[in-house]
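[1] this one's sequence-less:
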């Protein structure tokens, strides 16, 4: 039975969802490509909108070149968040709740999350046998959009920001969506999302949305 004293809030609480790679951290696969010399690993969700096609190609490259999880983790251990990302997150988390929604993997993210003071992260998981990466397991299909829809169903107003094709369904499901650090091809295909180039610019846009 519905509580007779309940009334929907006139002003909704707000939550911000952010992509990780390209927004807060470097692109992990590009760093691996630079370290190993395997240029084909530079292809990311900025280039390929079909995530399964992208990941199957990556897994094939790892197998052909004999690269294991430890090789990738060794590269990740040398990476730092993008300049200003920690300060950006600290300021944002003082204003509102934040969740990082990423298509990265649990086995990749921990060193970078530690350097960002452990924000909440929803991501996927790799299937590993010994040190060999044999497959990947999605937490759920289109998890970014599903998470935003669920948050809105919990009566939150959602502000989202990302940089790639795989972020656009999240931005579309949010009350307000922004592109940041996005390549020209993504900005051209999704002009409905305001594009900014720096984290300080994104902070100003989010503050404006919070005040609106």
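    Noted; the coordinates are in hand. Remember, it's a predicted structure, so these values are computed and weren't measured experimentally.
[2] Quick one: list the elements packing against the top helix by length along the chain.
    Assignment by DSSP state H gives helix 51-65 as the longest helix of the chain. Here helix 51-65 touches strand 132-137, going by 3 or more Cβ pairs under 8 Å, 6 or more residues apart in numbering; DSSP states H and E. The C-beta positions use only the backbone N, C-alpha and C, and glycine is treated the same way.
[3] For the protein, just list every one of the strands.
    Ranges of strands in the chain, per DSSP state E, are 13-18, 97-105, 120-129, 132-137, 156-162, 176-180, 194-196.
[4] would you turn these into CSV with mean neighbour count, distance to residue 55 and mean pLDDT?
    What follows is the strands of the chain, written out as CSV (neighbours: other Cβ atoms under 10 Å; distance: least, Cβ to Cβ, whole Å; pLDDT from 0 to 100):
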stretch, mean neighbour count, distance to residue 55, mean pLDDT
strand 13-18, 22, 21, 97
strand 97-105, 21, 9, 96
strand 120-129, 16, 9, 96
strand 132-137, 14, 5, 95
strand 156-162, 25, 18, 97
strand 176-180, 23, 23, 98
strand 194-196, 17, 26, 98
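[5] So for residue 37, which of those sits nearest?
    Evaluated over the strands of the chain, closeness to residue 37 peaks at strand 132-137, with 18.7 Å, by Cβ to Cβ.
[6] now the angle from that closest one to strand 120-129?
    Here strand 132-137 points in a direction 130 degrees away from that of strand 120-129 (axes from the mean of the first three to the mean of the last three Cα atoms, to 10 degrees).
[7] Direction included, what does strand 132-137 pair against?
    Here strand 132-137 has these sheet partners by DSSP bridges: strand 120-129 (antiparallel).
[8] so how far is the strand it pairs with off the chain centroid?
    Relative to its chain's centre, strand 120-129 lies at 13 Å (Cα atoms, centre = their mean, to the nearest Å).
[9] How about residues contacting it?
    20, 69, 98-109, 113, 133-139, 143, 147 (Cβ atoms under 8 Å, 6 or more residues apart in numbering).
[10] picking up where we left off before, now the longest helix of the chain and strand 120-129, what's the angle there?
    Angle, helix 51-65 to strand 120-129, by the same axes, to 10 degrees: 40 degrees.
[11] how many other residues sit next to the nearest residue to residue 51 once chain neighbours are set aside?
    Spatial nearest neighbour of residue 51, chain neighbours left out: residue 166 (5.8 Å); criterion: Cβ to Cβ, 6 or more residues apart in numbering. Residue 166 has 24 neighbours, counted by other Cβ atoms under 10 Å.
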